[in-house]
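Participant: could you look at this predicted model? Sequence included:
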Amino acid sequence: MNRREFLQQTALVTASIALANTLPAAAISANPTKKILLTGGAYGPVWMKYMIALTGKEKPRVCFLPTASGDNQAYITYWLENAKKYSIDPYVQKVFIESSTQKISFEESLLGADAIVVAGGNTLDMIALWRAHGIDKILKKAWEKGIVLTGSSAGAICWFHEGLSDSRPIALSSVECLGFLKGSCSPHYHSSKDRATIYQDMVLNGKMKPGYGLDENAGLYFENDKVAKVLAGDAKNKVYKVSVENGAIAEVALEATVLN
């Protein structure tokens, strides 16, 4: 290497180091893994511990987002009391708020979490409120940032293109959701009367995309938009992949890792 080449290479390395020092850590590191953990209905200790582990933090900040329950105070109080059992820093983000009492934006609140737990309730109303406030876009930022998104029931189906929900009068119906995950989802798969049959019929007739049926104490963990693990809180509860093959419904029970 001649003197000119040496000086040019040295200048290039120096400039690269200087640029790296001006960039935030997130920009230097590889893209964070996008994480979604969901269950059909149960969200007991094994799921809380799994969620905490996914954050990679000793004491993660965990945001409870109870929109689907209408920010029900009894539900919020129960969740906060239960959160005391775990090594987390819990807080609640309501949607029914006043500017006089909430002095930070939804974006600052939600993107400050290590995990966001979405409660069960009325999925249709929850999605409508999120879109009205721009929370749907903030949750996508959270997902892309690597914040763990998690929940059960409404908090499970909201991440898919659509979910089977009891959000409307008279009958179960399809609700358009956020679309972070492909396909559809039905929670409470065997605990709610006729839900499995209705879901299968809707998938077969093209009224819903193929997807997953989740028993109460079973769930899925997604990395990016792919299933990374099939999970269950016990051996009885299962996750079912529901699709159409050769003009007929196909339901396959997926092999699950039972959490302890």
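Facilitator: Done, it's in.
Participant: quick one, helices of the stretch 151-260 of the chain?
Facilitator: With DSSP state H, counting those that start in this stretch as the criterion, the stretch 151-260 of the chain has helices at 154-157, 195-204.
Participant: tell me which of these approaches Pro90 most closely.
Facilitator: Nearest to Pro90 among the helices of the stretch 151-260 of the chain is helix 154-157 (15.6 Å), distances taken as CB to CB. Glycine gets a C-beta too; all of them are placed from N, C-alpha and C.
Participant: show me what that closest one is packed up against.
Facilitator: strand 35-39, strand 115-118, helix 123-133, strand 160-165, strand 181-186 (3 or more CB pairs under 8 Å, 6 or more residues apart in numbering; DSSP states H and E).
Participant: which secondary structure elements does the shortest one contact?
Facilitator: On a contact count with 3+ CB pairs under 8 Å, 6+ apart, strand 115-118 meets helix 45-55, strand 61-65, strand 148-152, helix 154-157.
Participant: 10 Å instead, please
Facilitator: strand 35-39, helix 45-55, strand 61-65, strand 89-92, helix 135-145, strand 148-152, helix 154-157 (3 or more CB pairs under 10 Å, 6 or more residues apart in numbering; DSSP states H and E).
Participant: make JSON lines from the helices and strands packed on helix 154-157 and add mean pLDDT, mean neighbour count and distance to Thr197 to it.
Facilitator: Below are those laid out as JSON lines (pLDDT from 0 to 100; neighbours: other CB atoms under 10 Å; distance: least, CB to CB, whole Å):
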{"stretch": "strand 35-39", "mean pLDDT": "98", "mean neighbour count": "26", "distance to Thr197": "21"}
{"stretch": "strand 115-118", "mean pLDDT": "98", "mean neighbour count": "25", "distance to Thr197": "27"}
{"stretch": "helix 123-133", "mean pLDDT": "98", "mean neighbour count": "19", "distance to Thr197": "20"}
{"stretch": "strand 160-165", "mean pLDDT": "97", "mean neighbour count": "25", "distance to Thr197": "11"}
{"stretch": "strand 181-186", "mean pLDDT": "98", "mean neighbour count": "24", "distance to Thr197": "11"}
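Participant: among these, which is nearest Asn72?
Facilitator: Among the helices and strands packed on helix 154-157, helix 123-133 sits nearest to Asn72 (CB to CB), with 12.2 Å.
Participant: quick revisit: possible to save the helices and strands packed on helix 154-157 as CSV with distance to Met51?
Facilitator: As requested, these are exported to CSV (distance: least, CB to CB, whole Å):
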stretch, distance to Met51
strand 35-39, 6
strand 115-118, 6
helix 123-133, 19
strand 160-165, 19
strand 181-186, 17
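Participant: of all the ones you listed, which one is nearest Glu58?
Facilitator: Each of the helices and strands packed on helix 154-157 has some distance to Glu58 by CB to CB; the shortest is strand 115-118, at 13.4 Å.
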